[in-house]
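Q: need coordinates for the below:
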Amino acid sequence: MADQHSPQEIAAKFLEKLRSSPFVMIGLIDGEHSEPMTAQIDDDQPNTLFFFAGRDNRIAKGGDAMAQFVGKGHDFFACLAGSVTTDNDPAQIDKLWNNQVDAWFPGGKQDPNLTLLRFDIDSAELWETDISISGRVKMLFGGTIHGDESSSHAVVGSVA
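A: Okay, the predicted model is just below:
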């Protein structure tokens, strides 16, 4: 697979894709299955994703975790490693609160089951599968796609 973009460009593309479809599968590295959650991005805290969850959510206990992301058009993939902790800072909750979150918590920001989880990303592996026009034509007719017609890949320590 040929890398068409720098790691920083691929990381920036990841954040762009995540903003347009903020859904990830995330799970602790404890044998439990991952689950879909909606990521909240705070531009002031790079390499961190936030999740509003119930206190009884399987990742609420925190620990080492992995998250996976697939872009809306299946043109971008990410695997993120890091750790989950609780961050119930009222200012952070206010900053990230939105109508979608409000719909899940009938008690609003004071809901006794509400917790804000932070996922600090230690490393990420990112794949952009933006196949060129010539590569797409070859795919239609069963041809071989060469590396320069394919995609970009990066292993990064930062997505910011």
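Q: the one helix or strand L126 maps to pairs with which strands?
A: Using DSSP states H and E, the secondary-structure element containing L126 is strand 114-128. For strand 114-128, the pairing partners within the sheet under DSSP bridges are strand 48-54 (antiparallel), strand 76-86 (antiparallel), strand 152-156 (antiparallel).
Q: so how far is the helix or strand just after the longest one off the chain centroid?
A: With elements assigned by DSSP H and E, the helix or strand that comes after strand 76-86 is helix 90-96. From the chain centre to the centre of helix 90-96 is a distance of 20 Å (CA atoms, centre = their mean, to the nearest Å).
Q: what lies in contact with helix 90-96?
A: For helix 90-96, the external contacting residues (CB atoms under 8 Å, 6 or more residues apart in numbering) are Q40, D42, F50, F52, K109, L114, L116. Glycine gets a C-beta too; all of them are placed from N, C-alpha and C.
Q: the nearest residue to A78 once chain neighbours are set aside and R55, how far apart?
A: Using CB to CB, 6 or more residues apart in numbering and skipping residues adjacent in sequence, the residue nearest A78 is F69, 4.1 Å away. In this structure, F69 and R55 are 25 Å apart, going by CB to CB, to the nearest Å.
Q: which of these two has more neighbours?
A: The residue with more neighbours, out of F69 and R55, is F69; 22 against 13, by other CB atoms under 10 Å.
Q: quick one: what helix or strand has the more buried one in it?
A: strand 63-70.
Q: extract the C-alpha trace of that strand and format it as CSV.
A: These are the backbone C-alpha positions of strand 63-70, laid out as CSV (Å, rounded to 0.1, in the frame of the first residue of the first chain):
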residue,chain,number,x,y,z
GLY,A,63,-8.9,1.2,31.9
ASP,A,64,-6.9,0.4,28.8
ALA,A,65,-9.1,0.5,25.7
MET,A,66,-9.3,0.1,21.9
ALA,A,67,-11.6,2.0,19.6
GLN,A,68,-12.3,1.4,15.9
PHE,A,69,-13.7,3.8,13.4
VAL,A,70,-15.1,3.4,9.9
